[in-house]
Structure formats: C-alpha cells, structure tokens
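Trainee: this is the structure alone, sequence omitted:
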C-alpha cells in the first residue's frame, strides 16, 4: 500500500482572503516629490520647487484615503529636501551677488598704460 502526502492546509497557494484587508499602494505624487527633491540637488535647483508643491498634495491625498495610499514619509522627505535645496540655492545666489558687488566696488590700482607695460 502506497501512501500519498497529506493535502495542503486550507488556503495554501491561494491569494490572501479578505481578512488581510485591502492592499495599499504608494502615492505617485509622494514618489515624485522625493525624486524631484533629490533631482534638485543633482540636476537643477529649480526642480526642487516641484517637490515643495507635490509634497503637501501627496500628504493630503494620503490623509483623504488612508486605506488606499501610503507614502506620507516619502512626501514629507521630498518636501523637506526641496526646501533645503531652495534655501541653499538662495544662500549661494546671495553669496555670488555679494562677491560681484565687492569685486565691482574695489578699486584697481592698474590703469591701461600699466597693463600695457606688463604685456609688452
């Protein structure tokens, strides 16, 4: 007499039942906010503006439908990175403007004749 293996337990190999709850997906705007925040550092600082705009939008959508969406941390991180990128860009721009003003305000001791004598 040959013995067969026991049958699999109930539900084995079948998709999860209703007791697992609905599946949630990551909000697309949250992912886009994070990508744009990082791209603001790498590619162009103006892309960070998109991250600052998309972050709150994604957080509102996630709060409105918590059973459908997840990714609030991604949205918050994208928004924060975007603000940091914009702040650093503003500081760097102001620094360059100050350096240009300082360079323009300093008097040079050279005139055309003294430059000509140095060259030739």
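Mentor: Happy to help now that I have it. If you're wondering where the values come from, they're calculated on a predicted model, not measured in any experiment.

Trainee: ends of stretch 42-52, how far apart?
Mentor: This stretch, stretch 42-52, spans 16 Å end to end (CA to CA, to the nearest Å).

Trainee: so what touches that stretch?
Mentor: Residues from elsewhere that reach stretch 42-52, judged by CB atoms under 8 Å, 6 or more residues apart in numbering: 32-34, 36-37, 39-41, 78-79, 81-83, 85-86, 88-89. For every residue, glycine as well, the C-beta is placed using N, CA and C.

Trainee: which ones are touching the closest residue to residue 48 other than its chain neighbours?
Mentor: Residue nearest to residue 48 in three dimensions, not counting chain neighbours: residue 40, with 3.0 Å by CB to CB, 6 or more residues apart in numbering. The contact partners of residue 40, taken as CB under 8 Å, 6+ apart, are 46, 47, 48, 49, 51, 81, 82, 85, 86.

Trainee: then residue 25?
Mentor: Counting by CB under 8 Å, 6+ apart, residue 25 has contacts 68, 69, 70.

Trainee: what residues does the residue positioned nearest the centre of the chain make contact with?
Mentor: In the chain, the centroid-proximal residue (CA atoms, centre = their mean) is residue 37; its distance is 2.1 Å. Contact partners of residue 37, counting by CB under 8 Å, 6+ apart, are 48, 51, 55, 77, 78, 79, 80, 81, 82, 85.
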